[in-house]
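K.L.:
give me the fold of what follows.
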Amino acid sequence: MDETKQINLPPKYLGIQEKTHLSGFSMASDVLTGSLLRTLAASKPASRFLELGTGTGLSTSWILDGMDQKSTLTSIDNDEAFLSIAREYLGSDSRLELVNSDGADWVLSHLTNEYDFIFADTWHGKYLLLNEVLNMLDPGGIYIIDDMIEQPNWPEGHGEKAENLINELETRKDLTMTKLAWSTGLIIGVKSLNNQ
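P.N.:
Predicted coordinates:
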């Protein structure tokens with residue numbers, strides 16, 4: 001089986017990818033992660049989705065491609081230059097709210113929000129404010145992070161941060177979790193229904 005064959009890209013993906021390359025943004029999720037995001041999004045009809053770290057909108061396009069018409073996606077980023085690319089290609093989708101904000105400011109001012117799916121693709125909700133973001137996840141909701149296998153663009157010392165995060169997630173009683181040494185390294189957690 002070749003997991004890279006026959007992956008149908010989201011409608012706006014190639015345009016976003018071209019602008020992403022021109023912008024110099026180098027932190028985008030890869031196609032395999034995107035494909036998984038779309039599949040997981042398709043499992044959550046009529047749901048509320050949260051993406052922390054829009055970047056230029058590449059992963060956003062995958063999530064939208066999996067969502068049904070009754071779902072909504074809020075996507076947060078603090079870089080207007082990159083967010084403007086997502087706005088250009090995806091901003092007309094009425095299911096999507098793109099927010100230019102510091103991640104910590106946004107999370108701390110939305111602590112009572114509830115989501116069925118959270119993709120944390122930046123520091124907040126992953127290395128920072130993890131508990132606060134996981135508290136936003138409804139029972140049965142999906143939490144997903146990528147880039148958990150060492151990447152060439154990791155700064156010195158980041159490997160230790162990633163290992164500490166993995167160890168912390170492994171001890172949580174409120175998540176049923178799977179670690180995938182695939183793509184860039186993913187962790188998928190589902191919020192326990194009974195919060196054991």
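
K.L.:
only C-alpha atoms from now on, for both contacts and neighbour counts.
P.N.:
Noted.

K.L.:
and residue 55, how many neighbours does it have?
P.N.:
28 (other CA atoms under 10 Å).

K.L.:
then residue 92?
P.N.:
10.

K.L.:
again with the one 5 residues further on
P.N.:
Applying other CA under 10 Å, we find 16 residues neighbouring residue 97.

K.L.:
roughly how far does residue 101 sit from residue 72?
P.N.:
Per CA to CA, to the nearest Å, residue 101 is found 18 Å from residue 72.

K.L.:
among the two, which residue is more densely surrounded?
P.N.:
More neighbours surround residue 72 than the other of residue 101 and residue 72, with 21 against 15 (other CA under 10 Å).

K.L.:
show the contacting residues for the more buried one.
P.N.:
Listed by CA atoms under 8 Å, 6 or more residues apart in numbering, the contact set of residue 72 reads 46, 47, 48, 49, 95, 96, 97.

K.L.:
doesn't the first one fall inside a strand?
P.N.:
No: counting by DSSP: H, G, I helix; E, B strand; the rest coil, one finds residue 46 to be coil, located in no strand.

K.L.:
the lengthiest helix in the chain - what's its average pLDDT?
P.N.:
For the chain, the helix reaching the highest residue count under DSSP state H is reported as helix 158-171. Per-residue pLDDT over helix 158-171 has a mean of 94.

K.L.:
residues in contact with it?
P.N.:
By CA under 8 Å, 6+ apart, the residues outside helix 158-171 that reach it are 126, 127, 148, 150, 175, 177.

K.L.:
need the three-state assignment for residue 63.
P.N.:
helix.

K.L.:
ok, and the closest non-adjacent residue to it?
P.N.:
Leaving aside its chain neighbours, residue 63 sits nearest to residue 38 (4.9 Å; criterion: CA to CA, 6 or more residues apart in numbering).

K.L.:
show me the helices in this protein, by range?
P.N.:
Secondary structure of the chain (DSSP H): helices at 13-23, 31-42, 58-66, 80-90, 103-108, 130-135, 158-171.

K.L.:
let me know which of those helices is tucked in deepest.
P.N.:
Burial of those is given as mean neighbour count (mean count of other CA atoms under 10 Å); helix 58-66 ranks first at a mean of 24.
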